[in-house]
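K.L.:
One predicted model, sequence on top.
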Amino acid sequence: MMMADVRRDRIVAAGPRVMSVRSALEWAFGPENARMDFDHSGAHEFDRVGVSPEWRMMQQAKLGCRIDGGGAGPAPQIHPDAAMIAAAVEALELNPMFGREMAVLVATHARAGTAPDWRGSCVRRVVPMAWDFDRAGNPIALEAKGDIWWYRHPKCRNRLELTSKVCPIMYVGGGSDMAARRRRYLDWYGALLEVSMQLRVPGYLDTIHVTSALPALSPWQNSC
């Protein structure tokens with residue numbers, strides 16, 4: 001018997017682990033390294049993206065022979081409960097309220113152990129759209145070429161050309177930015193609630209008991 005099987009048998013004998021939905025997600029996508037493929041029907045399980053049979057035959061014709069072996073190695077074994085948790089997150093794609101983008105967002109924050117940033121400044125500010133570095137390595141605002149101006153020299157009256165340099169800017173902060181950040185956080189909260197309902201179905205998980213605990217619904221209400 002392998003060490004992983006022994007460890008799982010000990011966990012089952014000791015009883016299910018109690019976790020919140022966020023802790024369960026962070027465990028599945030963190031230490032267990034669960035993955036999502038969004039292949040709900042299994043039709044593309046053995047496809048290799050970007051490689052067609054015609055391309056493979058052309059490469060074999062160039063070599064004059066056929067190479068055996070190669071390809072992707074076997075996928076690493078993960079805990080069965082971690083695979084079921086990843087499947088519950090994948091199912092968000094089929095929900096018209098969330099979609100694939102929210103499923104990826106939930107998995108990304110679970111893997112990083114973070115939550116969507118709901119903080120923002122109520123003061124609207126002007127910042128450069130991009131940054132560059134000078135020769136000393138210091139960050140400076142990225143300059144772009146602007147309009148071309150023609151003028152006459154005040155003494156010789158020759159016509160001269162000048163290409164102006166501008167700094168593209170954008171507005172950040174303000175009420176609209178704060179509202180968008182909080183809306184994003186609430187969407188993530190709703191996705192966790194949906195996943196939590198699936199994970200709490202009796203018999204869905206073997207060694208984990210997911211509680212009804214959820215992150216704060218409106219953490220900005222208690223912020224300074």
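P.N.:
Cool, the structure landed.

K.L.:
What residues of the top helix by length along the chain count as buried?
P.N.:
Assignment by DSSP state H gives helix 175-199 as the longest helix of the chain. By neighbour count with 16 or more other C-beta atoms under 10 Å, helix 175-199 contains the buried residues 177-178, 181-182, 185, 187-189, 191-192, 194-196, 198-199. C-beta here means a position set from N, CA and C on the backbone, and glycine is covered the same way.

K.L.:
List of residues touching it?
P.N.:
Outside helix 175-199, the residues that touch it by C-beta atoms under 8 Å, 6 or more residues apart in numbering are 21-22, 24-25, 84-85, 88-89, 91-92, 95, 97-98, 102-103, 105-106, 109, 115-122, 204-205, 208, 210, 212, 214-215, 217, 219-220.

K.L.:
one more time with 6 Å
P.N.:
Applying C-beta atoms under 6 Å, 6 or more residues apart in numbering, the contact partners of helix 175-199 are 21, 88-89, 92, 98, 102, 106, 116, 118, 120, 210.

K.L.:
Counting only strands, which of those residues make the cut?
P.N.:
V210 (DSSP state E).

K.L.:
Minimum pLDDT in the contacts of helix 175-199, which residue is that?
P.N.:
Minimum pLDDT across these is recorded for G120, with 76.

K.L.:
all strands of the protein, in order?
P.N.:
Counting by DSSP E, one finds strands in the chain at the ranges 17-19, 125-128, 131-133, 139-141, 144-152, 159-166, 169-172, 208-210.

K.L.:
winner for burial among those strands?
P.N.:
strand 208-210 (a mean of 20; mean count of other C-beta atoms under 10 Å).

K.L.:
Just give me how far that one sits from the chain centre.
P.N.:
Centroid separation for strand 208-210 versus its chain: 25 Å, with C-alpha atoms, centre = their mean, to the nearest Å.
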